[in-house]
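# Sequence and predicted model, in that order:
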Amino acid sequence: MGREILRPDELSDPTPHNHSHAIVDDGVLFMSGQVAVDRDGNTVGDDAEAQARKAFENVGHLLEAVGKDFDDVTKVTSYLVDARETYDGFIRAYRSVFEEPPYPCHTVLGVATLPSPELLVELEVEVPVDESDVS
């Protein structure tokens, strides 16, 4: 099977930004950074915890598209604006998704800004997939 591009209806249209939300290739789900944006492109939440919850919700839609859930996630990369100030709120949301072992590998990077000034959190996850599960 070749590359499969994922376009869940629950997510905003990524084409104006010249990217795909996710691609399955060679048994791996590659995901663009997911942020706290609703289907219409509006930012959801004004703090790191609320934004992380929405970003994880968006990640969940991509996982569902390949028959996976958060228990299947092997790696998370989190980008936090002003990480020292936003980490506590972010980690509350993170812990509500990954409640018990085995936990995925996780890297948190503090960044000065994200593409939209109101965004505080961006997430990427990696998941092995069986390409036959891609719909």
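Received the coordinates, thanks. All figures in this text were calculated on a predicted structure; none of them were measured in a lab. Residues are numbered from 1 along each chain as shown.
# roughly how far is stretch 18-27 from the heart of the chain?
13 Å (Cα atoms, centre = their mean, to the nearest Å).
# Straight-line length of that stretch, end to end?
For stretch 18-27, the first-to-last residue distance is 23 Å (Cα to Cα, to the nearest Å).
# and it, which residues are buried?
Of all the residues in stretch 18-27, those buried under the rule 16 or more other Cβ atoms under 10 Å are H21, A22, V24. Quick note: C-beta positions are derived from backbone N, CA and C, even for glycine.
# same deal with stretch 55-63?
In stretch 55-63, counting by 16+ other Cβ under 10 Å, buried: A55, F56, E57, N58, V59, G60, H61, L62, L63.
# Tell me the one among these nearest to F30.
L62 (10.2 Å; Cβ to Cβ).
# which phi and psi does the closest one have?
Per-residue torsions, L62: phi -70, psi -40 (degrees, to the nearest 10).
# Surely it touches S20?
No - using Cβ atoms under 8 Å, L62 is not in contact with S20, being 10.4 Å away.
# coming back round to it: for the buried residues of stretch 55-63, give me TSV that also has distance to G45.
TSV is the format used below for the buried residues of stretch 55-63 (distance: Cβ to Cβ, whole Å):
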residue	distance to G45
A55	9
F56	12
E57	11
N58	12
V59	15
G60	16
H61	17
L62	19
L63	20
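# Identify, from those, the entry nearest to P16.
N58 (16.6 Å).
# any idea of the pLDDT on the nearest residue to that closest one once chain neighbours are set aside?
Nearest residue to N58, sequence neighbours excluded (Cβ to Cβ, 6 or more residues apart in numbering): Q34, at 4.3 Å. At Q34, the predicted lDDT confidence score is 94.
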